[in-house]
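S.K.: pasting the sequence and the predicted model now:
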Amino acid sequence: MKEWMEILIRSLGLFFLAFFFVRIMGKKHPGKMSTFQLVNYIVIAILTALIAAKVIPSFRLGLVALAVWIFMPMLMDFLAIKSKILHGLIHGKETVVIKKGKIMEENLKKAKLTGEELIRELRAKNAFSLADVEFAVLENTGEVNVVMKNDKKPVTAHDLGQKVAPQTEPQTIILDGNILYDALNNFGLNEGWVKTQLKGMGVDLTNVFIGQVDSSGDLYIDLFDDMIQLPQPTVKEMLYASIEKSQADFMKYALETKDEKAKKMYADNARKLETLMKELETYLLH
Amino acid sequence: MTVGSQVKQTLASLKGAQGTLRMYALQAQDEKEKNAYTEALETTNDVIKDLENRLKTLEFEEPQFKGY
């Protein structure tokens, strides 16, 4: 067999072999791998290249070496899933580097991390001042994760004591001017609904690039033609405003009327509408 | 503007709000959100009923404005 033919066949075979095995070895991001896993992948890559280019003359012997480097990590991953102790041995354990705002120097030394490196990692997590950090952990991937002090954390709705509406992810139902029927059926809507909504906005289906429906069933669309100004959906705000207006009207009538019974009725209903407004606020205003 | 016609206006805007609420009660996907709208629908229903009764009394008291 001619030499170039042999290299071609070897390369093609290894191309698919490597592709297949790297796929089944797991879904880990290269940046998030532990050091040893990275070494392992590099060894696989080098072995594959060496066999393909015939630097290792025997195809069979090369495959034996490759098999060890492919199957051993798979075996270790399997063991790590089965046993917690082995997991610690194989993947290492995370190291606490800052506790209660104080740097643990011994742990830093053990992890071979210098002060500069720690500060750099903290900066990467937006903790420019050491005084803001309550707790930091060095993961076995070399990444440092940080918990900020309570008063330096970003404010959440919980901190403000505010209820927020649960938001499920929006579904894309129109793409490139075509209706995606699967997504539409998932939402319990049909083509007629889409057509009515688009008609209400005065837009043709062929002009819609992306159309999404959110959890409360409102349609948001982006058009191919960016010159057309579309009104943003403000139905919810309008609804809230009209309830608010009615509530104010009731208050006014309650003050104006001379009839005691009517006064009470108006006041009661004004109160009802007020509680209603409070309940709907999270859903209508956001 | 008489009291009667003002009340009618409020009634109309409440009914409009109720229509929108009904739409959201039907098309909301989240169970909690759907319930909130359905409850709101019931409340507005009560309020509208009260207001309609009051309107009847008003129309009886000032029959010359009936129908406006």
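M.R.: Structure's in. What do you need? Residues are numbered from 1 along each chain as shown, chains lettered A, B, ... in the order given.
S.K.: can we go C-alpha only for contacts and neighbour counts from here?
M.R.: Will do.
S.K.: just the element for residue 15, please.
M.R.: If you meant another chain, say so; for now it's chain A. Assessed by DSSP states H and E, A:Phe15 sits inside helix A:3-24.
S.K.: meant chain B actually
M.R.: helix B:3-27.
S.K.: now for A:Lys102, how many residues are close by?
M.R.: Other residues near A:Lys102 come to 14 when the count uses other C-alpha atoms under 10 Å in any protein chain shown.
S.K.: and A:Lys272, by the same measure?
M.R.: Here the number of neighbours of A:Lys272 (other C-alpha under 10 Å) works out to 17.
S.K.: swap in the one 5 residues further on?
M.R.: A count of nearby residues for A:Met277, using other C-alpha under 10 Å, gives 18.
S.K.: that one contacts A:Tyr240, correct?
M.R.: Yes: between A:Met277 and A:Tyr240 there is a contact at 7.3 Å, judged by C-alpha atoms under 8 Å.
S.K.: and stretch A:141-159, which residues are buried?
M.R.: By 16 or more other C-alpha atoms under 10 Å in any protein chain shown, the buried positions in stretch A:141-159 come out as A:Thr141, A:Gly142, A:Glu143, A:Val144, A:Asn145, A:Val146, A:Val147, A:Met148.
S.K.: now go through the residues you listed and say which are in strands.
M.R.: Secondary structure assignment by DSSP state E places A:Val144, A:Asn145, A:Val146, A:Val147, A:Met148 of the buried residues of stretch A:141-159 in strands.
S.K.: quick check: mean pLDDT of the helix or strand hosting A:Asp77?
M.R.: In this assignment (DSSP H and E), A:Asp77 forms part of helix A:59-82. Computed over helix A:59-82, the mean pLDDT rounds to 88.
S.K.: can you name the element that comes right after it?
M.R.: Using DSSP H and E, the next helix or strand after helix A:59-82 towards the C-terminus is helix A:84-91.
S.K.: quick one, the helix or strand that comes right after that next one and strand A:144-148 angle?
M.R.: Once the chain leaves helix A:84-91, the next helix or strand it forms, by DSSP H and E, is strand A:95-99. Going by axes from the mean of the first three to the mean of the last three C-alpha atoms, to 10 degrees, strand A:95-99 is angled at 30 degrees with respect to strand A:144-148.
S.K.: list the buried residues of strand A:95-99.
M.R.: A:Thr95, A:Val96, A:Val97, A:Ile98.
S.K.: excluding covalently adjacent residues, which one is nearest to the closest residue to chain A within chain B?
M.R.: Across chain B, no residue is closer to chain A than B:Ala28, which sits at 4.0 Å (C-alpha to the nearest C-alpha). Nearest non-adjacent residue to B:Ala28, counting by C-alpha to C-alpha, 6 or more residues apart in numbering or on different chains: A:Ser216, 4.0 Å away.
S.K.: looking at it, that neighbour is touching B:Glu31, isn't it?
M.R.: No: counting by C-alpha under 8 Å, A:Ser216 stays clear of B:Glu31, with 10.2 Å between them.
S.K.: which of the two has more residues huddled nearby?
M.R.: Comparing A:Ser216 with B:Glu31 by neighbour count (other C-alpha under 10 Å), the higher total belongs to A:Ser216, at 21 against 10.
S.K.: any buried residues in the longest helix seen in chain B, and which?
M.R.: Assignment by DSSP state H gives helix B:31-61 as the longest helix of chain B. Buried residues in helix B:31-61, counting neighbours by 16+ other C-alpha under 10 Å, are found at B:33-34, B:36-41, B:43-44, B:47-48, B:51, B:54-55, B:58-59.
S.K.: who are the packing partners of that helix?
M.R.: Other helices and strands packing on helix B:31-61, by 3 or more C-alpha pairs under 8 Å, 6 or more residues apart in numbering or on different chains; DSSP states H and E, are helix A:260-284, helix B:3-27.
S.K.: nearest to A:Lys153, of those?
M.R.: Smallest distance to A:Lys153 across the helices and strands packed on helix B:31-61 (C-alpha to C-alpha): 23.3 Å, for helix A:260-284.
S.K.: which other helices and strands contact the closest one?
M.R.: Helices and strands touching helix A:260-284, by 3+ C-alpha pairs under 8 Å, 6+ apart, are helix A:235-256, helix B:31-61.
S.K.: for the ones you listed, give me TSV that also has mean pLDDT and distance to A:Ala67.
M.R.: Putting the helices and strands packed on helix A:260-284 into TSV (pLDDT from 0 to 100; distance: least, C-alpha to C-alpha, whole Å) gives the following:
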stretch	mean pLDDT	distance to A:Ala67
helix A:235-256	90	61
helix B:31-61	89	52
